[in-house]
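I would like the atomic coordinates for the input below:
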Amino acid sequence: MRVTFSQIQGSLDAINTAAAQFARAQQQVASGKRMQRPSDDPMGTERAIQDLSAIGTIDSYSQTSGTAAARLSVLDGALSSMTDILTDALATATSGHGSTVNQITRDTASAKLLALRDGLAGSLNTTFQGVYVFGGTQSSTQPYSNATGAWVYAGNSSSVTVDTSPNRTVSLSRDGQAIAKGSDATDVFAVIETLAAAVSAGNDAAVTTGIDALSRAFTRVVKAQSQVGTDESGLADGDVQLGSLRLAATQRLSGDQDVNMAQAITQMSRAQTAYQAALGAVGTASKSSLLDYLR
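As a prediction, the model looks like this:
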């Protein structure tokens with residue numbers, strides 16, 4: 001039997017084909033990925049790109065949501081502090097109200113009210129990672145100060161907002177003046193100062209007026225805290241939604257990219273067998289050709 005060049009070339013082509021199939025199977029097993037290059041599955045590659053983009057967007061929302069949750073927690077804590085301060089202020093003012101209260105009690109209550117005023121100012125000047133959360137969008141300026149003997153609000157009524165999911169926007173700041181003053185003629189700091197003076201003077205009519213103003217401030221704080229609580233609950237719901245969207249995208253991506261390991265190992269074994277058989281066939285053919293020449 002004489003083996004021609006074309007027969008040997010065909011055998012070499014078979015070896016190359018078997019080697020390529022074996023190498024591809026090895027890559028799949030080693031990487032766990034079905035697609036090694038876009039040409040392996042153009043449509044699958046396109047879907048994978050879309051899913052990777054979706055996962056990136058979801059992760060960005062999740063990161064923003066985490067930061068928003070931390071900031072809302074700071075807002076919530078500051079508003080809780082305000083409700084405690086105003087509750088204490090109402091009780092203190094009431095303790096200094098009435099004709100049976102002596103001067104020492106009134107003066108003590110008056111001094112405590114002024115201390116509570118300072119605590120309230122501290123809460124309204126709360127910061128999160130170096131930015132003020134009760135100044136609207138004026139986050140780099142302290143909202144309330146009293147450099148000239150009068151309390152001044154340096155913030156604005158706008159709000160810092162972020163998108164925390166495809167259909168949810170959260171406010172990360174609050175208008176401090178809407179809380180401290182609202183529709184009243186004076187802010188809560190001036191109210192407390194006037195109330196402290198009225199308590200010390202035994203002016204029960206002014207004390208009653210001041211207590212009413214403090215009650216309105218308390219209502220404003222509770223309303224603001226309720227809004228923050230609603231945003232916090234919304235974030236929690238949004239995180240669940242984001243988790244579901246990410247899981248779905250990850251599963252789709254896995255379906256396009258990941259290899260069935262059991263099938264890949266079987267395919268690699270078959271490719272290896274085919275490669276070895278091709279090598280063996282060429283070896284046998286080469287020996288036959290040499291014998292033909294020796295005859």
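
Against Ser60, how distant is Val228?
23 Å (CB to CB, to the nearest Å). All C-beta spots, glycine's among them, are computed from the backbone N, C-alpha and C.

Looking only at neighbour counts, state which of the two leads.
Val228 (23 against 11; other CB atoms under 10 Å).

Give the helix, strand or coil label for the more buried one.
helix (DSSP: H, G, I helix; E, B strand; the rest coil).

For it, give me the pLDDT.
pLDDT, Val228: 96.

same thing with Leu242?
So, for Leu242, pLDDT stands at 89.

residue contacts, it?
Ile58, Tyr61, Ser62, Ser65, Ser165 (CB atoms under 8 Å, 6 or more residues apart in numbering).

How far away from the center of its chain is the helix or strand containing it?
Here Leu242 sits within helix 204-257, counting by DSSP states H and E. Taking the mean of its C-alpha atoms, helix 204-257 sits 14 Å from the chain's own mean (CA atoms, centre = their mean, to the nearest Å).

what do you get for stretch 99-115?
47 Å.

buried residues in that stretch?
By neighbour count on 16 or more other CB atoms under 10 Å, the buried set for stretch 99-115 is Arg106, Thr108, Ala109, Ser110, Lys112, Leu113.

ditto for stretch 142-158
Gln142, Pro143, Tyr144, Trp151, Tyr153, Gly155, Asn156.

Please parse the protein into its domains.
1-32+261-295, 74-233 (automatic domain parsing).

With distance to Asp239 added, can I get those in CSV?
Below are these laid out as CSV (distance: least, CB to CB, whole Å):
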stretch, distance to Asp239
domain 1-32+261-295, 29
domain 74-233, 8
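
Of these, which shows the lowest average pLDDT?
domain 1-32+261-295 - the lowest mean pLDDT of the domains of the chain, at a mean of 53.

Surely Thr127 touches Ser140?
No: in this structure, Thr127 is not within contact of Ser140 by CB atoms under 8 Å, at 10.0 Å.

higher neighbour count, these two?
Thr127 (15 against 10).

three-state assignment of Thr164?
strand.

any idea how far it lies from Ala198?
Distance from Thr164 to Ala198, by CB to CB: 46 Å.

Tell me the spacing between the spatially closest residue to Ile211 that is not a sequence neighbour and Ser200.
Counting by CB to CB, 6 or more residues apart in numbering, Ile211 lies nearest to Ala93, which is 5.2 Å off, once chain neighbours are set aside. Distance of Ala93 to Ser200, computed by CB to CB: 11 Å.

Overlap of the contact sets of these two?
Joint contacts of Ala93 and Ser200 (CB under 8 Å, 6+ apart) are Ala109.

Cool, thanks, signing off.
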